[in-house]
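J.: The sequence isn't on hand, but the structure is:
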C-alpha cells in the first residue's frame, strides 16, 4: 500500500507536467492558426496590401543635397532600420510582411513612385521560395517568377529615374521542429539560384549588395548570431548590414 502511494505521488507531478505541456502546445498552435487565418483573410480583402501605407503618399520637400531612399520588399525590408551616420538621406520604408514578389512588384506605383525616391533598396522573393516544398513541381516556375518580378521593379525604378540597390536574398536559418514538415533543402537551393541571377542584374542604375554573403555561415545557413528565426534577422543582423551598407554607398559614390 505504501509503495502504491509512493508511486502515485511520483506519477502525479509527471501527469500534471504533461497536461501543462499539452495546454501550452495547444495554445501555441491556436495562436499560430489564428495568425495564419487573419493573414489569409486580410490578403483576400487587400491582395496587394495597398491599404498598408497612405493611399496618396506625397514626396516630402528635400533639403539641399538630400536624397530620398526607400526600403522596399517583404518583411525583411519592412524590419530594416534606417542606417545611422547617413544624415544626407531621408529614409522611407515600404516593406510589407508575408508578401510574395508579385505582390511587391504590383504595388510599386502606389507605394514607391509617389515618394520620388533617388534610391530604392530592394529585398524580396523569400516568401515565394519558401513555398517550394508545398509545390515542388513548380520550383523552376517559382524561381523564374521571382526573377521576372525583380525585373519589373528594376524597370519601374528606371522609369522614375531612381537608382536601385538590389540585395541578394538573405540566407535561411535553422528550422524549428514544428516547421520541418513544410520545409526542405530545396528552399536554400532556390535562394542560391535566384541570387546567382541577381548578380547578373547590375547596370548603370542598379547596384548589387550581396547581403547573402554578409549573413551566411559555413553551413550555408543564416548565422545564428544574426537570426531572429529561420527567416528573419535580429537587431545584430541589421546592425551588421547597415554598417556594410554605409560603406557600400560610399564605395559606389551614391552619397549626395
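T.: That came in fine, so what should we check first? Because the structure is predicted, anything quoted here is derived from the model rather than measured.
J.: Let's see the pLDDT reported for residue 82.
T.: At residue 82, the pLDDT value in this model is 96.
J.: which non-adjacent residue is nearest the residue most central in space within the chain?
T.: Taking Cα atoms, centre = their mean as the criterion, residue 76 is the residue nearest the geometric centre of the chain, at 2.6 Å. Nearest residue to residue 76 in three dimensions, chain neighbours excluded: residue 123, at 4.7 Å (Cβ to Cβ, 6 or more residues apart in numbering). Every residue, glycine included, has its C-beta placed from N, CA and C.
J.: and residue 165, that's in a strand?
T.: Yes. Counting by DSSP: H, G, I helix; E, B strand; the rest coil, residue 165 falls inside a strand.
J.: can you tell me which helix or strand residue 208 belongs to?
T.: Taking DSSP states H and E as the criterion, residue 208 maps to strand 206-209.
J.: Can you tell me which helices and strands that strand packs against?
T.: Where contact means 3 or more Cβ pairs under 8 Å, 6 or more residues apart in numbering; DSSP states H and E, strand 206-209 is packed against strand 163-167, helix 235-251.
J.: TSV for the ones you listed, including mean neighbour count, distance to residue 56 and mean pLDDT?
T.: What follows is those, written out as TSV (neighbours: other Cβ atoms under 10 Å; distance: least, Cβ to Cβ, whole Å; pLDDT from 0 to 100):
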stretch	mean neighbour count	distance to residue 56	mean pLDDT
strand 163-167	24	24	98
helix 235-251	16	30	95
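J.: could I get the ones you listed as a markdown table with distance to residue 135?
T.: As requested, the helices and strands packed on strand 206-209 are exported to a markdown table (distance: least, Cβ to Cβ, whole Å):
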| stretch | distance to residue 135 |
| --- | --- |
| strand 163-167 | 25 |
| helix 235-251 | 29 |
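J.: still on that earlier bit, can you classify the residue nearest to the centre of the chain by secondary structure?
T.: With three-state DSSP as the basis, the three-state label of residue 76 is helix.
J.: returning to that earlier point: got a list of contacts for the strand holding residue 208?
T.: 121, 154, 157, 163-168, 198-199, 201-202, 244-245, 248, 252, 254 (Cβ atoms under 8 Å, 6 or more residues apart in numbering).
J.: Stretch 175-190 now?
T.: Contacts of stretch 175-190 (Cβ under 8 Å, 6+ apart): 129-130, 132-134, 136, 139, 142-143, 171-172, 220-221, 229-230.
J.: Could you do stretch 247-256 as well?
T.: With Cβ under 8 Å, 6+ apart as the test, stretch 247-256 has contacts from 65-67, 86, 88-89, 119, 163, 165, 207, 209.
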